[in-house]
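Asker: Let me see the structure of the following:
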Amino acid sequence: MKEYKLPIGCDVPETIILADGDFPSHPLALEWLRQCPYVVCCDGAANTYIRSGRMPEAIVGDGDSLLPDIKERYASLIHSEAEQETNDLSKAFRFCLSQERKRITIMGATGKREDHTIGNVSLLADYMEQAEVSMMTDYGIFVPIREDSMFESYIGQQISVFNMNSTALSAEGLAYPLSVFTNWWQGTLNEALARHFIIRTEGKVLVFRSYNRYQTDK
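Answerer: Numbering: from 1, shown residues only. Model (predicted):
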């Protein structure tokens, strides 16, 4: 059974993709961004990231959101893809795979337009086929799973479970039972009853865990 720890400051991801949604503001996200050795920016995300005093390994996208001075000065970092069948996040994901990066945390993929947020979150179910991937927001972390999994937790942690294609879904250690939900809202607003909980699934689900309340209060 796969196990997922609570995220802490020292668990810095080996690769971060920074998308062009709301720039991260949570202390843990900012700490990981500061320490991560390999950050790839989706197009316009490079504007804020570079102006904050940091340098990405690459900027990936069609370039339409880059500020002119950034586009000119950092042209050597830009990996342009003109195709419009996928978004910049997927282009950055493919770039990371081409660099043999298989453990990826995505940030900045939520906020701004709600349709982009929903689309980006749903992409985790596709990305998990090729990499170990998670998505960090200012409120918690999404992890896609497709097998029975144990999650480190704390009593009262807020949990949501989104069914992507699971045909059997249950849990141990959550306040409310899981079933084969047919709509995303049905698995939201659950709660951990102990320091661990287990989700059993036959198919893909997305698990959202809110941050430890003490992390959020920092």
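Asker: pretty sure residue 125 is touching residue 162, no?
Answerer: No: in this structure residue 125 lies outside contact range of residue 162 using C-beta atoms under 8 Å: 9.0 Å. All C-beta spots, glycine's among them, are computed from the backbone N, C-alpha and C.
Asker: hey, what's in contact with both of these two?
Answerer: residue 206 (C-beta atoms under 8 Å, 6 or more residues apart in numbering).
Asker: residue contacts, the residue nearest the centre of the chain?
Answerer: Nearest to the mean C-alpha position of the chain, by C-alpha atoms, centre = their mean, lies residue 135 at 0.9 Å. The neighbours of residue 135, taking C-beta under 8 Å, 6+ apart as the test, are 105, 106, 107, 109, 110, 120, 121, 124, 141, 142.
Asker: in the sheet, who's paired with residue 162?
Answerer: residue 206 (DSSP bridges).
Asker: and what of residue 158?
Answerer: Here residue 158 sits in beta bridges with residue 191, going by DSSP bridges.
Asker: That one: neighbour count?
Answerer: 16 (other C-beta atoms under 10 Å).
Asker: for it, what are its contacts?
Answerer: Taking C-beta under 8 Å, 6+ apart, one finds 140, 189, 190, 191, 209, 210 in contact with residue 158.
Asker: quick check, residue 93 in a helix?
Answerer: Yes: under DSSP: H, G, I helix; E, B strand; the rest coil, residue 93 falls within a helix.
Asker: Number of residues surrounding it?
Answerer: 25.
Asker: Adjacent strands (with direction) for the host helix or strand of the residue nearest to the centre of the chain?
Answerer: According to DSSP states H and E, residue 135 maps onto strand 132-136. Paired with strand 132-136 in the same sheet, following DSSP bridges, are strand 103-107 (parallel), strand 140-145 (antiparallel).
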